[in-house]
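Got a predicted structure plus its sequence, pasted below:
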Amino acid sequence: MDDVLPDLLVPVAEQANGLDPLTLFPGTKKEAWLEIGFGKGEHLAHQARTNPDVGIIGVEPFINGLAALLGVIDDEELANVRLYDDDAALLLAALVPGSSSRVFVLFPDPWPKSRHHKRRFIRPENLDLISRALRIGGELRIGTDHTDYGNWILRHMVQRTDFEWQAECPGDWRVRPDDWPQTRYEAKAVREGRSSIYLRYTRV
Ligand SMILES: C[S@@+](CC[C@H](N)C(=O)[O-])C[C@H]1O[C@@H](n2cnc3c(N)ncnc32)[C@H](O)[C@@H]1O
């Protein structure tokens, strides 16, 4: 944490004119992606490994998660990952509009009690921020194993005119795409007998 993290942290507070994520990475990256709430970072590490021409910012306030991913970044010398350790809304608000090509929100905390629903990450103001950060044609991926949160997400997304659901048949959202590795939370859901949904939206 002391040696590796400081060089990788995204300097959100210092960006008066907006943060262009592509400027954070060495060399030239063709796209910038963002993973919100990466947990222990298995999905993010896979994406970084298999897409070395993409710069990926991972956001995770959970310190054990950050530490786990830092270990992998250091061991494998992944040069295309940057990190932010606070609320993703703060980072999204600081980004130059249209500067990201993909946003992942995988298995966000479901906050099952009604009085806590307002804490759910997928809510109108955060969708506005994601929409602003994504370029037209960019993609938002959301996964959940929680039936009520899944319905909530679908209800919120169907109202949006700035996102188009890519699904054409049930297999498009019931089957995890090949380039979307299983996350730790999805694996837990499988062990506990729950199925998940895999939603992909295009920013239009
Ligand atoms: C249920 S876990 C899922 C972790 C991982 N995506 C997975 O599927 O294994 C949700 C994660 O989102 C993080 N999180 C919650 N609110 C957040 C926020 N506002 N910004 C960024 N991350 C957040 C939590 O710390 C937690 O690690």
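That came through fine.

show me where this protein has strands.
31-36, 54-59, 81-84, 100-106, 134-144, 163-165, 197-203 (DSSP state E).

Now render these as a markdown table, adding distance to the ligand, mean pLDDT and mean neighbour count.
Where C-beta positions appear, they are placed from N, C-alpha and C, glycine not excepted. Shown next, in a markdown table, are the strands of the chain (distance: least, C-beta to the nearest ligand atom, whole Å; pLDDT from 0 to 100; neighbours: other C-beta atoms under 10 Å):
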| stretch | distance to the ligand | mean pLDDT | mean neighbour count |
| --- | --- | --- | --- |
| strand 31-36 | 5 | 98 | 24 |
| strand 54-59 | 4 | 98 | 25 |
| strand 81-84 | 8 | 98 | 22 |
| strand 100-106 | 4 | 98 | 23 |
| strand 134-144 | 7 | 98 | 20 |
| strand 163-165 | 19 | 98 | 17 |
| strand 197-203 | 12 | 98 | 20 |
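
quick one: which of those is nearest Arg123?
Among these, the nearest to Arg123 by C-beta to C-beta is strand 100-106 (11.3 Å).

on contacts alone, who are the packing partners of that closest one?
In terms of contacts (3 or more C-beta pairs under 8 Å, 6 or more residues apart in numbering; DSSP states H and E), strand 100-106 is packed against strand 31-36, helix 42-50, helix 124-133, strand 134-144.

let's see it at 7 Å
strand 31-36, helix 124-133, strand 134-144 (3 or more C-beta pairs under 7 Å, 6 or more residues apart in numbering; DSSP states H and E).

how about JSON lines for the ones you listed, with distance to Ala16 added?
Below are the helices and strands packed on strand 100-106 laid out as JSON lines (distance: least, C-beta to C-beta, whole Å):
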{"stretch": "strand 31-36", "distance to Ala16": "19"}
{"stretch": "helix 124-133", "distance to Ala16": "17"}
{"stretch": "strand 134-144", "distance to Ala16": "22"}
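
Which positions in this structure make contact with the ligand?
36-39, 59-62, 65, 87-88, 106-109, 121, 183-186 (C-beta under 6 Å from any ligand atom).

Restricted to helices, list these.
In this view, these that belong to helices under DSSP state H are 65, 88, 184-186.

Among those residues, which one lies nearest to Thr161?
Looking across those and measuring by C-beta to C-beta, the closest to Thr161 is Ala88, at 22.9 Å.

Next, the contact list for Arg135, please.
98, 100-101, 203 (C-beta atoms under 7 Å, 6 or more residues apart in numbering).

Fine by me, thanks again.
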